[in-house]
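> Structure of the sequence below:
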Amino acid sequence: GFPRTLGQAEALDRICELDVVISLNIPFETLKDRLSARWVHPASGRVYNMDFNPPHVHGVDDLTGEPLVQREDDKPEAVAARLRKYKDAAKPVMELYKSRGILHSFSGTETNKIWPYVYTLLSSKIPPLLSDEEN
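Residues are numbered from 1 along each chain as shown. The predicted model follows:
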């Protein structure tokens with residue numbers, strides 16, 4: 001997510017005024033498992049997840065047949081460290097947006113269960129687009 005640090009939040013404040021900030025609260029283990037299951041095809045950047053978007057042949061890119069690799073920062077130990085660091089850095093950012101009354105938090109483990117709530121919030125904040133015929 002962005003911004004991840006107070007410095008980034010302050011820089012963002014200089015170029016725009018936020019009126020909605022969304023925080024997705026996903027359990028630590030769920031995030032660790034998902035990120036640790038991520039493998040990439042280095043040449044193209046194609047991303048696979050061994051749990052819910054695996055390649056047709058294990059360890060091999062679907063289009064080229066070339067080997068997939070796991071980035072160092074996607075290995076379980078590195079993911080755990082990244083998540084701890086993120087949580088510490090993001091806490092003041094969340095407090096800032098909470099104090100402004102623009103932070104909206106959603107919790108869960110599945111996109112299809114969280115998305116309807118996020119969509120409802122965003123729909124209430126963003127006016128609908130009008131078609132050319134309605135203008």
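> Enumerate every residue touching A90.
G1, R4, T5 (Cβ atoms under 8 Å, 6 or more residues apart in numbering). Bear in mind the C-beta positions are built from the backbone N, C-alpha and C, glycine included.
> tell me which strands and helices the least confident helix or strand in the chain by mean pLDDT is in contact with?
Least confident element among the helices and strands of the chain, by mean pLDDT, DSSP states H and E: helix 28-36 (a mean of 90). Secondary-structure packing of helix 28-36 (3 or more Cβ pairs under 8 Å, 6 or more residues apart in numbering; DSSP states H and E): helix 76-99.
> Now whatever helix or strand comes next after the helix it packs on: buried residues?
Going down the chain from helix 76-99, the next helix or strand is strand 103-107, by DSSP states H and E. Neighbour-count burial for strand 103-107, counted by 16 or more other Cβ atoms under 10 Å, picks out L103, H104, F106.
> cool, and stretch 48-65?
Here stretch 48-65 shows Y48, M50, P55, V60, D61 as buried, counting by 16+ other Cβ under 10 Å.
> Can I get these in a markdown table including distance to P42?
Below are the buried residues of stretch 48-65 laid out as a markdown table (distance: Cβ to Cβ, whole Å):
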| residue | distance to P42 |
| --- | --- |
| Y48 | 12 |
| M50 | 17 |
| P55 | 14 |
| V60 | 13 |
| D61 | 9 |
